[in-house]
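**Q** okay, here's the prediction I keep looking at, along with the sequence it came from:
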Amino acid sequence: MPITSATGRSAGPAPETTADPIMLELVDEDGRTTGTAEKLSAHVAPGRLHRAFSVFLFDDRGRLLLQRRALGKYHSPGVWSNTCCGHPYPGEPPFAAAVRRTGEELGIAPALLREAGTVRYNHPDPASGLVEQEYNHLFVGTVRTEPRPDPEEIAETAFVTPAELAELMREKTFSAWFGTVLDAARPAVREVIGAGAGW
């Protein structure tokens with residue numbers, strides 16, 4: 001399970017460090033837009049339900065690309081998580097946001113990317129005290145290029161098999177939402193990469 005550190009890639013500041021506040025799209029329980037909120041305020045307990053996305057990319061060997069979030073992230077720093085996750089800008093289609101952030105964070109474009117449903121969850125982050133109240137759009141796809149992660153966003157990356165993921169989850173800390181989004185995405189994962197890969 002080779003792990004690659006995010007070094008040597010020039011990049012601008014992470015969006016959450018810019019002067020202008022990042023706005024999220026608030027939604028109701030059916031995913032209908034109800035308004036907007038500033039990113040940090042939407043995550044302060046008890047949290048406000050907002051639109052998000054999660055991406056799962058696999059290589060030609062059926063291995064999942066994971067990232068370890070940069071230590072400078074205000075939310076869930078230094079923990080392992082799925083390939084990419086984030087929030088669409090208000091009015092931005094989730095698919096477009098998923099492609100945009102995959103490029104911004106990892107320096108790659110998916111060879112294939114398809115919608116994989118939605119999942120709604122409420123996950124407190126014990127380390128920061130922030131809360132993920134999210135209506136999450138899931139995307140599953142493939143990648144054929146090596147990641148070039150932005151070190152402001154990502155500390156390390158790794159391609160893992162199901163067995164290697166299980167071992168890593170026993171040894172390392174993962175994001176509070178990881179298990180929920182992976183379980184929800186599994187049916188689409190099996191369709192994209194085949195049931196024989198073990199996911």
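**A** Cool, the structure landed.

**Q** any idea how far stretch 104-114 is from the middle of the chain?
**A** 12 Å (Cα atoms, centre = their mean, to the nearest Å).

**Q** what is the end-to-end distance of it?
**A** Chord length of stretch 104-114, first to last residue, is 19 Å (Cα to Cα, to the nearest Å).

**Q** same question, stretch 60-72
**A** Termini of stretch 60-72 sit 32 Å apart (Cα to Cα).

**Q** same check, this time on stretch 69-79
**A** The first-to-last residue distance of stretch 69-79 comes to 6 Å (Cα to Cα).

**Q** may I see the buried residues of that stretch?
**A** 69, 70, 73, 75, 76, 79 (16 or more other Cβ atoms under 10 Å). Just so you know, the C-beta spots here come from the backbone N, C-alpha and C atoms, and that holds for glycine as well.

**Q** so which of those comes closest to residue 99?
**A** residue 69 (19.7 Å; Cβ to Cβ).

**Q** and residue 105, which of the three is it?
**A** At residue 105, secondary structure determined by DSSP: H, G, I helix; E, B strand; the rest coil is helix.

**Q** pull the residues that contact the longest helix anywhere in the chain.
**A** Longest helix in the chain, counting residues (DSSP state H): helix 178-193. Helix 178-193 has contacts (Cβ atoms under 8 Å, 6 or more residues apart in numbering) with 54, 56, 58, 62, 80-82, 85, 112, 114-119, 121, 123, 136, 138, 140-142, 197, 199.

**Q** narrow those to those that are buried.
**A** Looking at these with 16+ other Cβ under 10 Å, the buried ones turn out to be 54, 56, 58, 62, 80-82, 85, 116, 118-119, 121, 123, 136, 138, 140-142, 197, 199.
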